[in-house]
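Chemist: Got a sequence here, can you build the structure:
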Amino acid sequence: MENKLLYYALFDANPAKEPPFNITIGTGVNSNFELKDCKNIKDGIARIESYCKENNYSFSNEFVLLYPIYMEAMDTDNEGTMHQVAWLIKDEADAKNWKFDRIGGYTGKTPESFII
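Modeler: Below you'll find the model as predicted:
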């Protein structure tokens with residue numbers, strides 16, 4: 001059987017909007033799947049794990065949870081919320097021994113930067 005790997009999970013949890021939000025999981029270059037209507041971060045993590053189990057995916061050694069830097073949130077009331085969401089995602093990554101990173105903004109990183 002083919003060794004199918006999951007490389008990243010991108011949380012599209014815009015700090016200016018209330019949940020639900022979507023998570024894009026990256027399975028290769030130009031290959032991804034969207035988990036729609038996640039209720040919160042923990043629900044999103046559970047859905048990522050369920051997707052992997054149901055579809056015979058393994059987590060790559062470099063699997064990373066990604067959260068964008070929403071430039072439109074900077075210097076607004078939503079900036080603090082953005083940082084709080086980032087920490088919630090990072091805490092989940094740490095608990096699972098996964099990596100965490102940010103994309104967008106001035107990082108120069110895109111989700112494809114994490115496909116190894």
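Chemist: For this protein, give me the ranges with low pLDDT.
Modeler: Across the chain, the ranges flagged by pLDDT under 70 are 1-2.
Chemist: So Glu34: helix, strand or coil?
Modeler: Classification of Glu34 using DSSP: H, G, I helix; E, B strand; the rest coil returns strand.
Chemist: quick one, what contacts it?
Modeler: Asn22, Ile23, Thr24, Ile25 (C-beta atoms under 8 Å, 6 or more residues apart in numbering). Placement of C-beta: from N, CA and C, glycine included.
Chemist: again with Asn3
Modeler: By C-beta under 8 Å, 6+ apart, the contact list for Asn3 reads Ser58.
Chemist: From Ser58, how far out is it?
Modeler: Applying C-beta to C-beta, to the nearest Å, one obtains 7 Å for the distance of Asn3 from Ser58.
Chemist: Give me the buried positions along stretch 7-20.
Modeler: Tyr7, Tyr8, Ala9, Leu10, Phe11, Asp12, Ala13, Asn14, Pro15 (16 or more other C-beta atoms under 10 Å).
Chemist: for the longest strand anywhere in the chain, packing partners?
Modeler: Using DSSP state E to define each element, the chain has its longest strand at strand 57-68. Packing contacts for strand 57-68, counted by 3 or more C-beta pairs under 8 Å, 6 or more residues apart in numbering; DSSP states H and E, involve strand 4-12, helix 41-54, helix 78-96, strand 99-103.
Chemist: can you list contacts of it?
Modeler: Strand 57-68 is contacted by residues 3-13, 27, 51-52, 85-86, 89-90, 92-93, 98-105, 111, 114, 116 when judged by C-beta under 8 Å, 6+ apart.
Chemist: Good, we can wrap up now.
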